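In: Sequence and predicted structure are below.
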Amino acid sequence: MATCPTRQVLATIVEKWAALVVSALADGPRRHGELLKTIRGASQKMLTQTLRKLERDGLLTRTVTPSVPVRVDYELTPLGRTLVPVLMALKTWSETHIEEVMAARDAFEAPDR
């Protein structure tokens, strides 16, 4: 199972930072600095690693424009854009069921359990 290609793809796209990057790029291309500001809590190193994984898997493109300083833009590919509705569905589910999830957590962590 560990070498299953589906498992490998899922491991990438369900990572917290990957989902946030895809969501941040849903409205169009962004630069690295813009992504750092949008995705609060991500370190520069973590964001760079995540962008590389998504590029490797064909979910985004990295475009370098020669200038001073060099401009680098990231944009979802057509394949990457197919993830947006899936992630939005997960977000909607989470928002719809957050109260139930929080209640379940409280019940699980109750001292008399």
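Out: All right, it came through fine.
In: what's the worst-scoring helix or strand of the chain on mean pLDDT packed up against?
Out: Of all helical and strand segments in the chain, the minimum by mean pLDDT, DSSP states H and E falls on helix 5-13, at a mean of 85. Helix 5-13 sits against helix 16-25, with contacts defined as 3 or more C-beta pairs under 8 Å, 6 or more residues apart in numbering; DSSP states H and E. Every C-beta, even on glycine, is put in place using the N, C-alpha and C of the backbone.
In: from the middle of its chain, how far away would the helix it packs on be?
Out: Taking C-alpha atoms, centre = their mean, to the nearest Å, the mean C-alpha location of helix 16-25 is offset from the chain mean by 2 Å.
In: residues contacting residue 90?
Out: Contact analysis of residue 90 by C-beta atoms under 8 Å, 6 or more residues apart in numbering lists residue 19.
In: a helix runs through it, doesn't it?
Out: Yes. Assessed with DSSP: H, G, I helix; E, B strand; the rest coil, residue 90 lies in a helix.
In: Next, the buried residues of the least confident helix or strand of the chain.
Out: Buried residues in helix 5-13, counted by 16 or more other C-beta atoms under 10 Å: residue 13.
In: CA atoms only: put it into PDB for me.
Out: Provided in PDB are the C-alpha atoms of helix 5-13 (Å, rounded to 0.1, in the frame of the first residue of the first chain):
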ATOM      1  CA  PRO A   5       0.400   5.900  -6.600                       C
ATOM      2  CA  THR A   6      -3.000   7.100  -5.400                       C
ATOM      3  CA  ARG A   7      -1.800   7.200  -1.800                       C
ATOM      4  CA  GLN A   8       1.200   9.200  -2.900                       C
ATOM      5  CA  VAL A   9      -0.900  11.800  -4.600                       C
ATOM      6  CA  LEU A  10      -3.300  12.000  -1.700                       C
ATOM      7  CA  ALA A  11      -0.400  12.500   0.700                       C
ATOM      8  CA  THR A  12       0.500  15.600  -1.200                       C
ATOM      9  CA  ILE A  13      -2.900  17.200  -1.800                       C
END
